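Novice: Sequence first, predicted model second:
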Amino acid sequence: MSINEFMDKYKLNLNNQQKEAVENINGKILLLAVPGSGKTTVIVSRIGYMIYCKNISPENILTLTYSVSATKDMKRKYSNIFGENNKLQFRTINSFCVSVIREFERNTGRKAFELFRNNEEILSHLYIKLKKDFPNETVIKDINSQITYANNMLLSDEQIKQIKNDNIDFYKIYKEYENYKIKNKIMDFDDQLKYAYSILKNYKNIKEKFMNRFTYINVDEAQDTSKIQHEIIKLLVNKNIFMVGDEDQSIYKFRAAYPKALLDFEKVYKNSKVLYMETNYRSTPEILQIANNFIKQNVNRKDKNIIPYRKSGQTVKITEIENYEDQYNYLLNILKDSNEQTAILYRNNESAIPLIDIFMKNNVNFKIKEGETLFFNHKLVKDIKNFIKFYFEPNNIKIFEEIYYKINCGISKNIINKLKIKLNRINNNANILDVLTTIDEVLFWQIRKINDIKLKMSFWKNKNTYEIINSILKDLEYEEFIKRKKEEKNVYLQKINILLSIAKQNPDLKKFLLRLDELEEKIKEGNNEETNIILSTIHSSKGLEYDNVILIDVIQGILPCIDKTDSKNLEKLDEYEEEVRLFYVGITRAKNVLKIFKYVKQFGNYVESSDFINEILNNNKKEENKKYNNIYKLGDVINHKRFGKCKIIGLDNEFIIIKCKNGVKKKLNLEICIEKKIIS
């Protein structure tokens with residue numbers, strides 16, 4: 001059966017680039033597929049073509065995907081076109097590694113360690129042992145993420161020692177964790193990769209068994225595949241590998257995604273071929289022009305262009321809001337009566353919290369995609385809540401123990417111990433601040449500060465929540481405490497701004513505390529209702545598409561989180577290019593409408609304009625100027641209202657240089673020249 005007969009039989013509508021990818025079944029091939037170009041359709045069609053046109057046994061075909069959901073989706077799409085085939089292998093790389101480990105067990109008679117799925121409890125236990133302190137959820141997730149990165153990037157001990165963690169010596173807890181697993185004969189998901197990699201490297205018979213069985217290997221989402229996963233794939237390849245990806249869409253560096261494998265494909269796999277799929281069927285030309293020009297600023301990429309298939313649509317709109325908190329009311333007004341599918345995308349999950357608050361208050365239905373509650377467990381949020389709780393319970397020593405060293409009064413642990421003894425002797429309902437001033441070790445300057453704090457807190461009865469949070473920061477000098485912390489200023493600043501936004505919507509102090517609990521519960525339980533409004537991080541939106549997309553919080557420090565000037569440092573270049581790719585993925589989720597939101601001020605303070613917005617505006621200007629180049633040519637004579645007839649002696653995208661009758665040369669803005677129509 002020819003390719004055309006195959007397409008007719010199975011009702012496949014493939015363009016020339018897709019057709020080329022389907023027909024090239026032998027050898028080592030990298031397919032670079034831009035967003036919305038139909039890569040899943042091509043992989044599935046190619047498998048069908050191999051079986052029904054080239055008589056390749058389905059048992060010899062292995063298709064590796066990035067996630068369980070991607071595996072199910074690909075299997076379903078194959079079945080919809082060609083019918084079910086139980087001999088085909090659609091597997092995640094971890095799932096395939098389990099097969100390698102099981103083969104090792106059969107060959108050697110040795111039992112592998114047991115898999116355990118939740119290692120956060122073990123890490124918490126080890127943290128307490130090493131640090132003599134209790135970690136919060138955020139701390140454990142950060143450590144877990146760093147462990148995954150170290151293992152997936154195949155880092156040496158010396159490289160692991162270079163990984164910094166603000167809360168603990170990372171190398172120590174990493175080694176403790178590794179030793180714990182060995183001692184208890186257990187392994188985690190990263191270990192599955194490490195063990196399978198070691199087996200394939202050291203047991204030739206096992207490696208050859210898999211190589212001989214799977215003579216055709218397909219790899220989906222290759223840009224999200226980690227270094228160790230790429231090494232495993234390399235060990236399996238006999239003659240035929242079909243790798244599909246797009247380094248421009250690699251946004252999981254924190255999970256050790258390794259897009260360099262795509263850039264190095266031709267070096268690693270000799271006599272290989274690189275194919276392209278550049279037609280985008282998803283988005284309008286206006287959206288794709290923005291995306292195409294934007295991604296080209298990255299250096300570490302293969303040169304490609306997105307070609308729009310659809311007809312022209314709406315102009316991409318950059319909306320400037322005066323104040324940070326006003327963007328939520330603006331979004332409410334444009335979405336509350338909308339029947340169109342709209343995704344609000346953001347960098348960090350916590351950007352959605354004030355939006356969720358205002359939507360809930362106004363009975364607007366929305367769906368949260370993979371919301372998380374780490375914000376509510378962050379130390380800053382807990383501190384603010386404890387300050388407020390202490391205001392309502394000034395006799396609660398447990399709450400005071402959480403905040404005493406954060407009010408800049410120099411109170412020691414020894415003083416707290418003496419305070420607790422004294423409280424046990426006298427009335428337990430006494431105001432702790434009053435009793436504190438009676439402790440012998442408390443100095444005069446400390447007494448003065450403690451009394452001042454008590455006075456400032458007494459004024460809270462006449463203040464709203466917004467004013468009280470500012471009082472905690474300024475009057476109680478909590479702001480000074482957070483300035484001394486190692487964590488980046490932007491991390492704290494964003495959390496404070498979110499709390500202040502919720503405070504504006506909830507001026508009553510007790511209701512504010514209740515609201516934080518309600519929001520945490522709402523995000524935790526998620527929302528599966530049918531609705532047109534979706535709230536999602538850009539990371540969670542990858543692989544999806546929406547009719548309309550609104551990108552929010554596009555300011556410097558968030559999108560991007562580092563300055564473009566930093567990228568001149570080679571160590572920072574990778575980090576900045578990852579930021580560019582993240583924003584590019586956000587842009588290319590939009591089918592019909594793309595809106596980008598920026599704001600000028602955050603609670604009275606001016607914010608820096610995003611490098612990303614500046615890049616888009618500059619690219620737009622260049623595109624406009626390209627149109628003007630068709631109007632003017634070197635040697636043309638124009639009639640300037642001031643200089644009279646002049647000859648064009650220089651021309652670029654932004655300026656023309658003219659020579660006047662008297663020999664004087666002038667440099668003119670090209671755009672103004674067009675607007676004033678100074679053409680002869």
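Specialist: Everything's here; your move. Numbering: from 1, shown residues only.
Novice: residues contacting Glu286?
Specialist: By C-beta atoms under 8 Å, 6 or more residues apart in numbering, the residues touching Glu286 are 312-316, 594. Where C-beta positions appear, they are placed from N, C-alpha and C, glycine not excepted.
Novice: Within the helices and strands, which one has it?
Specialist: Under the criterion of DSSP states H and E, Glu286 resides in helix 285-295.
Novice: now the next helix or strand after that helix, how far from the chain's geometric center?
Specialist: Where DSSP H and E defines the elements, the next helix or strand beyond helix 285-295 is strand 307-308. How far strand 307-308 lies from its chain's middle: 26 Å, per C-alpha atoms, centre = their mean, to the nearest Å.
Novice: Please work out the average pLDDT along strand 307-308.
Specialist: When pLDDT is averaged over strand 307-308, the result is 95.
Novice: Packing partners of the following helix or strand past it?
Specialist: Later in the chain than strand 307-308, the nearest helix or strand by DSSP H and E is strand 317-323. Contacts defined by 3 or more C-beta pairs under 8 Å, 6 or more residues apart in numbering; DSSP states H and E place strand 317-323 against helix 326-335, strand 590-602, helix 611-628.
Novice: how about these, which one is nearest Val68?
Specialist: When these are compared by C-beta to C-beta, strand 590-602 sits nearest Val68, at 26.1 Å.
Novice: Listing partners with orientation, what would you give for the closest one?
Specialist: Strand 590-602 pairs in its sheet with strand 317-323 (parallel), strand 546-551 (parallel), strand 605-606 (antiparallel), by DSSP bridges.
Novice: ok, the closest residue to Lys456 other than its chain neighbours to Leu493 distance?
Specialist: Nearest non-adjacent residue to Lys456, counting by C-beta to C-beta, 6 or more residues apart in numbering: Asp475, 4.1 Å away. The span separating Asp475 from Leu493 equals 19 Å under the rule C-beta to C-beta, to the nearest Å.
Novice: In terms of distance to Asn669, which of the contacts of Glu286 ranks first?
Specialist: Nearest to Asn669 among these, counting by C-beta to C-beta, is Thr315 at 22.7 Å.
Novice: residues contacting the closest one?
Specialist: With C-beta under 8 Å, 6+ apart, Thr315 has these contacts: Glu286.
Novice: Can you pull the phi/psi pair for it?
Specialist: Here is the backbone geometry of Thr315 (degrees, to the nearest 10): phi -70, psi 140.
Novice: Report the separation between it and Ile353.
Specialist: Counting by C-beta to C-beta, the gap from Thr315 to Ile353 is 31 Å.
Novice: helix/strand/coil for the residue most central in space within the chain?
Specialist: The centroid of the chain falls nearest to His539 when counting by C-alpha atoms, centre = their mean (4.2 Å). Of the three states, His539 takes helix under DSSP: H, G, I helix; E, B strand; the rest coil.
Novice: Isn't Tyr478 up against Cys409?
Specialist: No. With contact defined as C-beta atoms under 8 Å, Tyr478 does not count as touching Cys409 (11.7 Å).
Novice: For the helix or strand in which Lys201 is found, name the packing helices and strands.
Specialist: Assigned by DSSP H and E, Lys201 belongs to helix 189-202. Packing partners of helix 189-202 (3+ C-beta pairs under 8 Å, 6+ apart): helix 93-108, helix 137-152, helix 204-213, helix 227-236.
Novice: Could you export these as TSV, including mean neighbour count?
Specialist: Shown next, in TSV, are the helices and strands packed on helix 189-202 (neighbours: other C-beta atoms under 10 Å):
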stretch	mean neighbour count
helix 93-108	17
helix 137-152	19
helix 204-213	14
helix 227-236	19
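Novice: Export the ones you listed to a markdown table and append columns for distance to Gln162.
Specialist: Below are the helices and strands packed on helix 189-202 laid out as a markdown table (distance: least, C-beta to C-beta, whole Å):
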| stretch | distance to Gln162 |
| --- | --- |
| helix 93-108 | 27 |
| helix 137-152 | 10 |
| helix 204-213 | 32 |
| helix 227-236 | 16 |
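Novice: Nearest approach to Ile555 belongs to which of the ones you listed?
Specialist: helix 137-152 (22.7 Å).
Novice: Helix 227-236 and that closest one, what's the angle between them?
Specialist: Relative orientation of helix 137-152 versus helix 227-236 (axes from the mean of the first three to the mean of the last three C-alpha atoms, to 10 degrees): 30 degrees.
Novice: buried ones in the helix holding Lys201?
Specialist: Buried residues in helix 189-202, counted by 16 or more other C-beta atoms under 10 Å: 190-197, 199-200.
Novice: go on, stretch 572-589?
Specialist: Neighbour-count burial for stretch 572-589, counted by 16+ other C-beta under 10 Å, picks out 576-589.
Novice: Equivalent analysis for stretch 242-255, please.
Specialist: Residues 242-253 are the ones in stretch 242-255 that count as buried (16+ other C-beta under 10 Å).
Novice: And stretch 466-484, by the same measure?
Specialist: By neighbour count on 16+ other C-beta under 10 Å, the buried set for stretch 466-484 is 466, 468-473, 475-478, 481-482.
Novice: Which one of these is nearest to Tyr49?
Specialist: For those, the closest approach to Tyr49 (C-beta to C-beta) belongs to Ile482, at 59.8 Å.
Novice: Pretty sure the closest one sits in a helix.
Specialist: Yes. Under three-state DSSP, Ile482 sits within a helix.
Novice: So in terms of bridging, what pairs with Cys646?
Specialist: In beta-bridge terms (that is, DSSP bridges), Cys646 pairs with Ile638.
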